[in-house]
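Undergrad: Please find the sequence and the predicted model below.
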Amino acid sequence: MSDPEKVSFRLVASCPDQAGIVAKVSVFIASRNASIVEAGQYEDPRTRTFFMRYVVSALDHDFSLAAFSSEFEPVAKSLQMQWRIANASEKQRAVILVSKFDHCLAYLLHRWRVGDLPFELPCVISNHDSLRNLVEWYDVPFHHIPIDKANKQAGFQATADKIEEAGPDVIVLARYMQIFPPWLCSKYRHRVINIHHSFLPSFVGARPYHQAEKRGVKLIGATCHYVTEELDAGPIIEQDIVRIKHNDTIADMMRQGKDVENRVLSIGLRYHLEDRILVQGNKTIVFD
């Protein structure tokens, strides 16, 4: 049980590697009567970039989020630091998009309902109406917004309007079988999480299990990644695999793959919700 007299912040930052980074940040935190209760650090030797994620605990009457932000700015500036800070007790808002496959959606809804994945869920959006009953059983608003092949722009604009109305911190594509247009990818850069049902970069695009069966692979997998303008090529957050046999059919692969998809997507989403991910180019640094 958390201490009600304390408040926790998550400080996530990166900067050019140099002497004294940890010392400067630690001295600042200690000088505000706060403590570092969790620390993750990494130096990328190729780019000479330093990454850090600290969980900071402080007495709430001594040190607010606003005070931290304003008082830390000179320290960050001296280190040429890119940084953000969040109140660890505040839940992020997530909008889920889905098409017809229900396994990832059902898994996320259950984990959300029982409190395993802490986030606010203002709505679920789908380009089909078939999952309405499932979503509304959880008392979550469901919006059916079709994507007409002859006029996809109108459908995506309506979808974007509904997303904006919900005000999400993160958008989860839980087997949403539409390709996000570039302007939506750009608007929500590194805030759109997708689950792809293959071990990327293998089998990009549609019907990866069919591609895997045709190729005769012995391992299939799933990949949770940020969505970018290039299909299934955004920064990878989490992956996992399952071994298959020569006599496994495509239906067998899909059945086994669903378990992997559920696990990988929920782990990737948790990393995002807990501010554990920093993006560097097309790679992620994950402090798990």
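TA: Here it is on my side, so go on.
Undergrad: So what sits opposite Val12 in the bridge?
TA: Partner residues in beta bridges with Val12, using DSSP bridges, are Arg53, Arg84.
Undergrad: heads up, I number from 52, so please use that
TA: Noted, 52 is the first residue going forward, which turns the last one into Val63.
Undergrad: got a list of what it touches?
TA: Contacts for Val63 were tallied using Cβ atoms under 8 Å, 6 or more residues apart in numbering; they are Met103, Arg104, Trp134, Arg135, Ile136, Ala137, Asp326, Leu329. From N, CA and C alone the C-beta is placed, and that goes for glycine too.
Undergrad: Please indicate which of these are buried?
TA: Met103, Arg104, Trp134, Ile136, Ala137, Asp326, Leu329 (16 or more other Cβ atoms under 10 Å).
Undergrad: surely Pro169 meets Lys142?
TA: Yes. Counting by Cβ atoms under 8 Å, Pro169 does reach Lys142; the two are 5.2 Å apart.
Undergrad: shared neighbours, these two?
TA: Contact criterion Cβ under 8 Å, 6+ apart; residues shared by Pro169 and Lys142: Leu324.
Undergrad: returning to that earlier point: now the two most distant members of the buried ones among the contacts of Val63.
TA: The largest separation in the buried ones among the contacts of Val63, counting by Cβ to Cβ, is between Met103 and Ala137 at 14.3 Å.
Undergrad: so which of the contacts of Val63 comes closest to Val278?
TA: Checking the contacts of Val63 against Val278 with Cβ to Cβ, the nearest one is Leu329 at 17.3 Å.
Undergrad: Let's verify that closest one: helix, strand, or coil?
TA: Under DSSP: H, G, I helix; E, B strand; the rest coil, the three-state class of Leu329 is strand.
Undergrad: cool, Leu185 as well?
TA: helix.
Undergrad: where's it relative to Asp153, distance?
TA: 6 Å (Cβ to Cβ, to the nearest Å).
Undergrad: what do you get for Ser253?
TA: Distance from Ser253 to Asp153, counting by Cβ to Cβ: 25 Å.
Undergrad: what residues does the helix or strand where Glu264 lies touch?
TA: Element membership for Glu264 (DSSP states H and E) is helix 259-266. Helix 259-266 is contacted from outside by His247, His248, Ser249, Ser253, Phe254, Ile271, Thr300, Ile301, Met304, Met305, Gly308, using Cβ under 8 Å, 6+ apart.
Undergrad: for His287, phi and psi?
TA: No His there; residue 287 is Ile. As for Ile287, its main-chain torsions (degrees, to the nearest 10) stand at phi -80, psi 130.
Undergrad: where along the stretch 102-251 of the chain do the helices fall?
TA: For the stretch 102-251 of the chain, the helices defined by DSSP state H, counting those that start in this stretch cover 116-129, 154-164, 183-188, 203-217, 233-238.
Undergrad: Sort out which residues of the second one are buried, please.
TA: In terms of neighbour count (16+ other Cβ under 10 Å), helix 154-164 has its buried residues at His154, Cys155, Leu156, Ala157, Tyr158, Leu159, Leu160, Arg162, Trp163.
Undergrad: dump the residue contacts of the fourth one.
TA: So that's Ala157. Neighbouring residues of Ala157 by Cβ under 8 Å, 6+ apart: Leu185.
Undergrad: go on, the third one?
TA: With contacts defined as Cβ under 8 Å, 6+ apart, Leu156 is in contact with Ile147, Val149, Val175, Leu182, Leu185, Val186, Ala225, Arg226.
Undergrad: and what of the first one?
TA: For His154, the residues meeting the contact criterion (Cβ under 8 Å, 6+ apart) are Arg226, Lys309, Glu312, Asn313.
Undergrad: Distance of the third one relative to Ala225?
TA: Using Cβ to Cβ, Glu312 is found at 9 Å from Ala225.
Undergrad: who touches both of the two?
TA: Cys155, Ile246.
Undergrad: so what pLDDT did the nearest residue to Ala118 once chain neighbours are set aside get?
TA: Using Cβ to Cβ, 6 or more residues apart in numbering and skipping residues adjacent in sequence, the residue nearest Ala118 is Arg83, 7.8 Å away. Confidence at Arg83, expressed as pLDDT, is 87.
Undergrad: Check Ser59 too.
TA: 89.
Undergrad: can you give me the strands for this structure?
TA: Per DSSP state E, the chain carries strands over the ranges 57-67, 85-95, 100-110, 133-138, 143-149, 170-171, 175-177, 193-195, 221-224, 243-247, 270-277, 287-294, 328-331, 334-337.
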